[in-house]
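A.B. asks: next one to model:
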Amino acid sequence: MTVRDISKNPYEVFRTLPFVYSFFCIFFGFYIFEKLEEHRLRRSFIFERILGIASIFLGNKLSPPFAAVVGLRGLKHYKSVVFSVLVLGAIFKTVFVYPDNKVTAALIACLFIYFVSYRNHFLRILESALSIKSIAVFLVGMVAIAVLAKSTYQQFYSIGYELFGDVVDVNTIWRAMFWVYSISKTASENFLFGIGFGTPLFDVNDPQVQFVILSSPDDEYLPYTLSVHNALVYIFARLGAAGFIIFFWFFVELFRSAIKILKRTDDFDCIFIGTMSIILSSLFNVVIETPLFSGIFWTTIGMMIALTYKFGAIAKVRQMK
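C.D. replies: Below you'll find the model as predicted:
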């Protein structure tokens, strides 16, 4: 397997940038929020049903988050029986049709049920956990775990999947070992700023990543198109510790602002659930790294930003009065 010269083949560079160019979908999220606020979409009975039903048949990475974002009968009625059936149907489909995504589906199901049952408690716990310190602690912990797991990775490199027996499925082992490799390599070589965009995610000549290459041995673009299947690891590998902290600091501030609004009203719970769901999906699947789902991710974030922007502005006007 060989890697093409990126100076002559800009496709490889462009293929590492979906996370960047899809960022502009935030403005589409603003647009959707405004239309939902104006009741222009909620009034269409057919439109709601089509979106709700379509969410069940979308890709396994997208169905649960999309079902949560769209909802039925507007954002306010997230507790309706029909909506609950749709969301649980999407999760059921994900678990049994796509067995490799059981973890994601289970986490989304738990999130949905817990939020509906203990909404205020959930918001308080999340708000207390969101801080710049928690980001730094998480980053240190993530790197420390990868370093400690490096010995296991070395054994895996020597023995193969047989090291874990039948306790863990091959797909989970592949992802976990790829995470350990990416985190430990970035921490030792590009800790502060990462490898950047437009560069291969790994060196095809490195013997320690041959298990990754074997997943698509004939794909000459693999170092540019393959992802680590984890948004946290991806951001750290591409942007380093500095980019990791800045990126997730943005999310901390966004969620803290949203939680203040959600404490006053439950009209927009579906946006919150949808955002949390797609973030959970990004921790185990290719979401922010692919053109197919990165746009949906940023659209959902755009709805969250529009929510905090609008109600934050309203709150300031009220304080001035």
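
A.B. asks: for Y157, what are its contacts?
C.D. replies: With contact taken as CB atoms under 8 Å, 6 or more residues apart in numbering, Y157 is in contact with 207-208, 211. From N, CA and C alone the C-beta is placed, and that goes for glycine too.

A.B. asks: name the nearest of these relative to I261.
C.D. replies: Proximity of the contacts of Y157 to I261 was ranked by CB to CB; the top entry is F211 with 45.6 Å.

A.B. asks: which secondary structure element contains the closest one?
C.D. replies: Assigning secondary structure by DSSP states H and E places F211 in helix 210-213.

A.B. asks: which one of the contacts of Y157 is nearest to L239?
C.D. replies: Distance to L239 across these (CB to CB) is lowest for Q208, with 22.6 Å.

A.B. asks: I figured the closest one hits S182, correct?
C.D. replies: No - with contact taken as CB atoms under 8 Å, Q208 and S182 are classed as non-touching, separated by 11.1 Å.

A.B. asks: so where is the stretch 1-150 of the chain shaky, pLDDT-wise?
C.D. replies: Counting by pLDDT under 70, the stretch 1-150 of the chain has low-confidence residues at 1-8, 37-109, 113, 116.

A.B. asks: OK, contacts around the residue nearest the centre of the chain?
C.D. replies: Among the residues of the chain, the one closest to the centroid is S282, at 2.4 Å (CA atoms, centre = their mean). S282 makes contact with 230-231, 288, 297, according to CB under 8 Å, 6+ apart.

A.B. asks: and those residues, which are buried?
C.D. replies: Neighbour-count burial (16 or more other CB atoms under 10 Å) is assigned, among the contacts of S282, to 230-231, 288, 297.

A.B. asks: make TSV out of those and add distance to L111.
C.D. replies: Output for the buried ones among the contacts of S282, formatted as TSV (distance: CB to CB, whole Å):
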residue	distance to L111
N230	18
A231	16
I288	19
F297	16
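
A.B. asks: for F191, helix, strand, or coil?
C.D. replies: In the three-state summary, F191 is assigned as coil, counting by DSSP: H, G, I helix; E, B strand; the rest coil.

A.B. asks: and it, what's its pLDDT?
C.D. replies: Residue-level confidence at F191 comes out at 93, pLDDT.

A.B. asks: phi, psi for W179 please.
C.D. replies: Main-chain torsions, W179, degrees, to the nearest 10: phi -60, psi -50.

A.B. asks: so what's the residue count around it?
C.D. replies: Look at W179: counted by other CB atoms under 10 Å, it has 23 neighbours.

A.B. asks: hmm, it is touching Y234, no?
C.D. replies: No - W179 is beyond contact range of Y234, at 9.8 Å (criterion: CB under 8 Å).

A.B. asks: what sits in contact with each of these two?
C.D. replies: Applying CB under 8 Å, 6+ apart, one finds that W179 and Y234 are jointly contacted by V228.

A.B. asks: the helices in the stretch 151-300 of the chain, which residues?
C.D. replies: Under the criterion DSSP state H, counting those that start in this stretch, helices of the stretch 151-300 of the chain are mapped to 170-189, 210-213, 222-225, 231-262, 269-282, 291-320.

A.B. asks: of these, which stretch is the most buried?
C.D. replies: helix 269-282 (a mean of 24; mean count of other CB atoms under 10 Å).

A.B. asks: for the host helix or strand of F30, buried residues please.
C.D. replies: Assignment of secondary structure by DSSP H and E places F30 within helix 25-37. Going by neighbour count (16+ other CB under 10 Å), the buried part of helix 25-37 is 25-26, 29-30, 32-33, 36-37.

A.B. asks: now the closest residue in space to G29 that isn't next to it in sequence: how far from R119?
C.D. replies: Spatial nearest neighbour of G29, excluding adjacent residues (CB to CB, 6 or more residues apart in numbering): G302 at 2.0 Å. From G302 over to R119 the distance is 24 Å, taken as CB to CB, to the nearest Å.

A.B. asks: over to F202?
C.D. replies: 42 Å.

A.B. asks: how about V286?
C.D. replies: In terms of CB to CB, V286 sits 31 Å off from R119.

A.B. asks: again with L232
C.D. replies: For L232, the distance to R119 (CB to CB) stands at 26 Å.

A.B. asks: related to what we said a few turns ago, neighbour count: V286 and R119, which is higher?
C.D. replies: The residue with more neighbours, out of V286 and R119 and counting by other CB under 10 Å, is V286; that gives 21 against 16.
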